[in-house]
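A.B. asks: how does the following fold in three dimensions:
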Amino acid sequence: MLSAVCDTQFTFSKVLSLRERKGAASVRKSIGDNEIPKGWTFEQGLDLVKKAGYDGIELWLGDVPWFQMSTTDAQVRELRRKVENAGLVVSNVSTGLHWRYPLSARDPKVREEGMRIVRRQIETAQMLGTDAILVVAGLVTEEVPYNEVYSRCVEALKTLAPDAARAGVKIGCENCNSEQRFLMGPREFSLFLKDIDHPSVGIHLDVGNIHEDGFAEQWIEMLGPQITRIHVKDVMKKRGRCCDSVYTNIFLGDNNWKAIRAAMTKVKYDGWLVAEMERRYHYAQDQQFYDTAAALDRLIANRV
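C.D. replies: Presented below is the predicted three-dimensional model:
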């Protein structure tokens, strides 16, 4: 029965993709390899991603067993071969390592490791055939104040930008608003990018990370040309315990998806939409890949 359901979802997704994505043909959908169910191999995950109807896969450096800082160049090229053999491409290279090694740390050794991680992202992105990476630029803490974080991040990204340019890769700084306590609004982020002043540095916009601090569609309108990729998830604003915000799956939260889609059209965004699945299914976890792909197809086709 589950197989039949999955086949139905796959058929719907493919039909919608073929018939209703006119005018948005270059917008493609991807999902992270960190979403592959635990215990699955990379190859099993690629097979699922392809069958569910995605165009590409986001690779997470340091977050999955097959792609670590210790992974050799030859092994990285083998990952690309496996991706392409599955009929997919690599949409971008992301990492969660900068939560441990922020570019804004006071400890110069931590900052140095953060820089090394970005440089490895750039190198592997080039080898994997993609032109974008995700970086969590800085973390404001009680010990490391905003002004220090800002200046260190600008300095680090100015240093890294020429490396990215030589590799044909763009650094997308993600907006992790509440978690970073940094660059909380689109105007603030725009000024940050202006201070870096390099075409190889932009924003990897996560429309679910804005929480109650603003509206994703306004970020898209203000930062459109500088958006490298868009992470897609939803958020329930102030509806969790203690009135906190809770991440959830696309169309289940408080994001205004009609306005988000209209903003994408307004700024002529034609890049990747990269799904992040929150509130994971407790059973039939593979089904969530199909359901998320179908939701992305509705968004791309402007049927929300």
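
A.B. asks: how many other residues sit next to residue 195?
C.D. replies: Neighbour count of residue 195, defined by other Cβ atoms under 10 Å: 14. C-beta here means a position set from N, CA and C on the backbone, and glycine is covered the same way.

A.B. asks: and the residue nearest the centre of the chain, which helix or strand is it part of?
C.D. replies: In the chain, the residue lying closest to the centroid (Cα atoms, centre = their mean) is residue 231, at 4.1 Å. Taking DSSP states H and E as the definition, one finds residue 231 inside strand 227-232.

A.B. asks: so which elements touch that strand?
C.D. replies: Judged by 3 or more Cβ pairs under 8 Å, 6 or more residues apart in numbering; DSSP states H and E, the packing partners of strand 227-232 are strand 89-95, strand 132-135, strand 170-174, strand 201-206, strand 272-275.

A.B. asks: show me where the stretch 101-250 of the chain has helices.
C.D. replies: Using DSSP state H, counting those that start in this stretch, the helices of the stretch 101-250 of the chain run over residues 108-128, 146-167, 177-180, 186-196, 216-223.

A.B. asks: quick one: least confident helix or strand in this structure?
C.D. replies: Within the chain, confidence by mean pLDDT, DSSP states H and E is lowest for helix 2-20 among all helices and strands, at a mean of 43.

A.B. asks: now the element after it, going C-ward?
C.D. replies: With DSSP H and E, the next secondary element past helix 2-20 is strand 28-32.

A.B. asks: just the residues contacting the helix or strand following that following strand, thanks.
C.D. replies: Using DSSP H and E, the helix or strand that follows strand 28-32 towards the C-terminus is helix 42-51. Applying Cβ atoms under 8 Å, 6 or more residues apart in numbering, the contact partners of helix 42-51 are 6, 10, 31, 33, 36-37, 40, 57, 64, 66, 79, 82-83, 86-88, 286, 289.

A.B. asks: quick revisit: can you list the buried residues in the strand holding residue 231?
C.D. replies: Counting neighbours by 16 or more other Cβ atoms under 10 Å, one finds that the buried residues in strand 227-232 are 227-232.

A.B. asks: just to revisit the earlier point, who's in contact with the residue nearest to the centre of the chain?
C.D. replies: So residue 231 contacts 174, 204-209, 274-276 (Cβ under 8 Å, 6+ apart).

A.B. asks: where does pLDDT dip in the stretch 201-304 of the chain?
C.D. replies: Residue ranges of the stretch 201-304 of the chain with pLDDT under 70: 238-245.

A.B. asks: got the helices of the stretch 101-250 of the chain as a markdown table, with distance to residue 27 columns?
C.D. replies: A markdown table is the format used below for those (distance: least, Cβ to Cβ, whole Å):
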| stretch | distance to residue 27 |
| --- | --- |
| helix 108-128 | 20 |
| helix 146-167 | 23 |
| helix 177-180 | 24 |
| helix 186-196 | 21 |
| helix 216-223 | 13 |
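
A.B. asks: fine, thanks again, bye for now.
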